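Visitor: Mind folding the following:
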Amino acid sequence: MNYQELADKIKIWAKELGFQKVGICDVNLQEHEAELQKWLDAGYHGSMDWMARHGMMRARPNELLPGTIRVISARMDYLPPQAQFATDLSNPNHAYISRYALGRDYHKLVRNQLKKLGQLIEQEVEHLNCRPFVDSAPILERPLAQKAGLGWTGKHSLILDKDCGSWFFLGELLVDIPLPVDEASDNQCGNCKACITSCPTSAIIEDGVIDARRCISYLTIEFDGIIPVEFRKAMGNRIYGCDDCQLVCPWNRYSEVTQQTDFHRRASLESPDLVTLFNWDETTFLKNMEGSAIRRIGHQQWLRNISVAMGNAPFSHAIIESLESRKGLSSELDEHIDWAVTQQLSQADEKNGIRIKQERLIRIVQKGLPRDA
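Guide: This next block holds a predicted model:
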């Protein structure tokens, strides 16, 4: 069997299946085991118990699929057209949703394409044992992607490619055939610290190390409890995920818009007004988020996240009325609603104070009195 020829074919097939880049590596991730354990021991995984449940299996792909000797790592771009980064982030009455979640959930699509890739390989070899993974098993996908030449691990812990930045999904196909491996990518972040300094909650502890407990993506997606008060103002209008560390990355100026229409912004999120989204009942939420990654957080967590954003929005009677209308659904949601209403009222008091000062100044001027009267 000419495995070099097969590897070349695999990369051609992958592009035909919608992947932008594919690389191949071996399964040795031993050098990452100590740093993984250190990260877990520090508690940086927060409430994501599944991160620690499987021990070092995450760094040992051959334990996931016995007999595995190669990993085919694949990249699929997701940056949607009309991403509206500036529009959504700068308008405090709009909800900001991480770009990866604006369209359909990527897990099933990427996995299906990897499965098809495996079927094509199967036609070329006498025997193949393979299995696709897309965030569906304990595996260190980013170190594998770097080892396979898909990019390097940036200081924000995401994979960066000099030709396309970081707006892409990763998937892996584990195989038991001795394909030739690709050259690993070199780190090209240099002295840049834009991602570190731009993180709203200072979640990037050191180069490539994230304390998930401080990360807005974790807080709005993975964490289903009461969001610590210390992070609520910093969340701004981010109701599902956060892209700040990617938005400031110089390498993302080379990113191209995805051709995969499933990742384009869905109609229900065209104008993500906070009050409108908050007023969706559970049935409407489930219908509008059908096929979306957002659906898995559930309606209660959706309302929790939006209530924080509404607390950070400019004072509005409509916002207070909407918040009050959701009281009583759960004690956890009430905690965030009460906080948001307090924030709204404090803004009203501040505006009222400014108005009183302005009226007093007008009266003083009209009477011709000294301004310090």
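Visitor: Spatially nearest residue to residue 213 (excluding sequence neighbours)?
Guide: Spatial nearest neighbour of residue 213, excluding adjacent residues (Cβ to Cβ, 6 or more residues apart in numbering): residue 46 at 4.3 Å. In short, each C-beta sits where N, CA and C put it, glycine included.
Visitor: just residue 261 next, same as before
Guide: Using Cβ to Cβ, 6+ apart, the nearest residue to residue 261 is residue 103, at 7.9 Å.
Visitor: so the one you found touches residue 262, yeah?
Guide: Yes - here residue 103 reaches residue 262: they are 5.5 Å apart, a contact under Cβ atoms under 8 Å.
Visitor: Those two: which is more packed in?
Guide: More crowded of residue 103 and residue 262, by other Cβ atoms under 10 Å: residue 103, with 22 against 15.
Visitor: Could you measure from the more buried one over to residue 265?
Guide: Distance, residue 103 to residue 265, using Cβ to Cβ, to the nearest Å: 6 Å.
Visitor: Now the common contact residues for the two.
Guide: The contact sets of residue 103 and residue 265 overlap at residue 80 (Cβ atoms under 8 Å, 6 or more residues apart in numbering).
Visitor: just checking, residue 36 touches residue 138?
Guide: No - the pair residue 36 and residue 138 does not pass the contact test of Cβ under 8 Å, sitting 10.4 Å apart.
Visitor: shared neighbours, those two?
Guide: residue 58.
Visitor: what's the distance between stretch 296-309 and the middle of its chain?
Guide: 16 Å (Cα atoms, centre = their mean, to the nearest Å).
Visitor: So which residue is smack in the middle of the protein?
Guide: Closest to where the C-alpha atoms of the chain average out (Cα atoms, centre = their mean) is residue 241, at 4.7 Å.
Visitor: can you pull the contacts of that one?
Guide: Contacts of residue 241 (Cβ under 8 Å, 6+ apart): 97-98, 100-101, 216-217, 220-221.
Visitor: Would you list the buried entries among those residues?
Guide: Buried residues within those, counting neighbours by 16 or more other Cβ atoms under 10 Å: 97-98, 100-101, 216-217, 220-221.
Visitor: Give me the distance between the residue nearest to the centre of the chain and residue 97.
Guide: Residue 241 sits 7 Å away from residue 97, going by Cβ to Cβ.
Visitor: got it, and residue 269?
Guide: Distance from residue 269 to residue 97, by Cβ to Cβ: 6 Å.
Visitor: How about residue 57?
Guide: From residue 57 to residue 97 the distance is 32 Å (Cβ to Cβ).
Visitor: Report the next helix or strand after the helix or strand harbouring residue 108 in sequence order.
Guide: Taking DSSP states H and E as the definition, one finds residue 108 inside helix 106-122. For helix 106-122, the following helix or strand on the C-terminal side (DSSP H and E) is strand 130-133.
Visitor: Each with direction, which strands does that next one pair with?
Guide: strand 168-175 (antiparallel) (DSSP bridges).
Visitor: buried stuff in the strand it pairs with?
Guide: Neighbour-count burial for strand 168-175 flags 168-175 (criterion: 16+ other Cβ under 10 Å).
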